[in-house]
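> after the sequence you'll find the predicted model.
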Amino acid sequence: MLSIAIAACTPSDGSDDDDGVQSAIPPALISALPPEGGRLAQQDPDRFLALVERVRTEPEELTWLVDKNHPLAAEYVPEDIRLLRDYPAPLVLNRTDLSLREIILPDLVAMVESAAEEGITLDISSSYRSYDYQAGLFQRNVDQLGLEQAERESARPGTSQHQLGTTVDFGSVTAAFADTPAGRWLSDHAWRYGFSLSYPDGYEEITGYMYESWHYRYIGKAAAQLEREYFGGVQQTMLEYLAANRALD
């Protein structure tokens with residue numbers, strides 16, 4: 001759940017009892033938003049609070065803050081991990097051992113099918129990674145690139161969003177992906193299906209990672225819309241906001 005302050009400011013339901021009075025958002029919650037998001041929230045607080053309420057009804061782990069300063073436990077493994085090659089849907093897999101949480105698969109399949117209707121293939125290259133797998137991957141990157149560069153491109157074990165089982169790397173997993181039909185389609189449409197670009201261009205100082213046009217995390221449709229409308233499309237900023245307000249409970 002989000003903070004008591006947010007929970008207490010339930011949006012107006014439009015009934016006669018409301019007398020046309022909009023809900024009020026505590027100033028501290030407005031000031032914590034990006035400037036444009038704060039302006040929009042003040043302009044229409046009922047819309048903002050209704051969207052926040054929708055996020056609160058989703059499983060909390062969909063919007064857990066997982067980054068260099070907020071790691072997952074080594075033993076964390078999602079309970080509903082599903083091997084994708086056994087899933088009864090037309091997914092294009094670049095490896096046979098890929099798996100994701102079952103909770104995200106209906107929206108993933110819907111997104112893949114929508115892209116396919118426009119002649120675009122969304123092929124999946126990486127998905128769930130265990131803590132131990134990530135440890136080996138990070139060490140290989142250190143060996144090849146050196147520690148400083150590895151930490152810009154790769155997560156230490158426990159700090160990878162892939163351990164959540166809700167993150168997908170699409171296509172070539174290279175910088176060139178951004179300018180492919182699939183990369184452009186995802187940039188325009190992924191949010192509609194609950195997927196969010198984790199490491200956008202120009203935000204390395206905030207996210208801790210270089211631009212990764214292929215790396216999308218499923219945060220749910222409500223959170224993806226909240227991010228897009230009130231956080232400038234920057235996932236990290238929204239997740240930090242949600243985490244800070246959860247901490248007030």
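Perfect, thanks for sending it.
> longest helix in this protein, please.
Ranked by residue count under DSSP state H, the longest helix found in the chain is helix 131-145.
> in it, which residues are buried?
Buried residues in helix 131-145, counting neighbours by 16 or more other Cβ atoms under 10 Å, are found at 131, 134-135, 137-138, 141-142. Heads up, the C-betas are built off the backbone N, CA and C, glycines and all.
> go on, stretch 91-98?
Buried, per 16+ other Cβ under 10 Å, within stretch 91-98: 91, 98.
> what do you get for stretch 178-191?
If you call a residue buried by 16+ other Cβ under 10 Å, then stretch 178-191 has these buried ones: 178, 180, 182-183, 185-186, 190-191.
> equivalent analysis for stretch 75-85, please.
76, 78, 82, 84.
> got CSV for those residues, with secondary structure too?
Formatted as CSV, those follow (DSSP: H, G, I helix; E, B strand; the rest coil):
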residue, secondary structure
76, coil
78, coil
82, strand
84, helix
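> with distance to residue 205 and pLDDT added, can I get these in a markdown table?
A markdown table is the format used below for the buried residues of stretch 75-85 (distance: Cβ to Cβ, whole Å; pLDDT from 0 to 100):
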| residue | distance to residue 205 | pLDDT |
| --- | --- | --- |
| 76 | 27 | 98 |
| 78 | 30 | 97 |
| 82 | 36 | 97 |
| 84 | 34 | 97 |
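> among those, which one lies nearest to residue 222?
residue 78 (20.0 Å; Cβ to Cβ).
> state the distance from that closest one to residue 103.
9 Å (Cβ to Cβ, to the nearest Å).
> same check on residue 83?
15 Å.
> list the helices and strands the longest helix of the chain packs on?
helix 147-153 (3 or more Cβ pairs under 8 Å, 6 or more residues apart in numbering; DSSP states H and E).
> distance from the chain centre to the helix it packs on, please.
22 Å (Cα atoms, centre = their mean, to the nearest Å).
> could you measure from the spatially closest residue to residue 180 that is not a sequence neighbour over to residue 55?
Ranked by Cβ to Cβ, 6 or more residues apart in numbering and with sequence neighbours excluded, the top spatial neighbour of residue 180 is residue 171, at 6.3 Å. Separation of residue 171 from residue 55 (Cβ to Cβ): 29 Å.
> next: residue 143.
40 Å.
> now swap in residue 80 and tell me
Taking Cβ to Cβ, one finds residue 80 at 20 Å from residue 55.
> dump the residue contacts of residue 71.
Applying Cβ atoms under 8 Å, 6 or more residues apart in numbering to residue 71 gives the contacts 156, 158-159.
> thanks again, I'm all set now.
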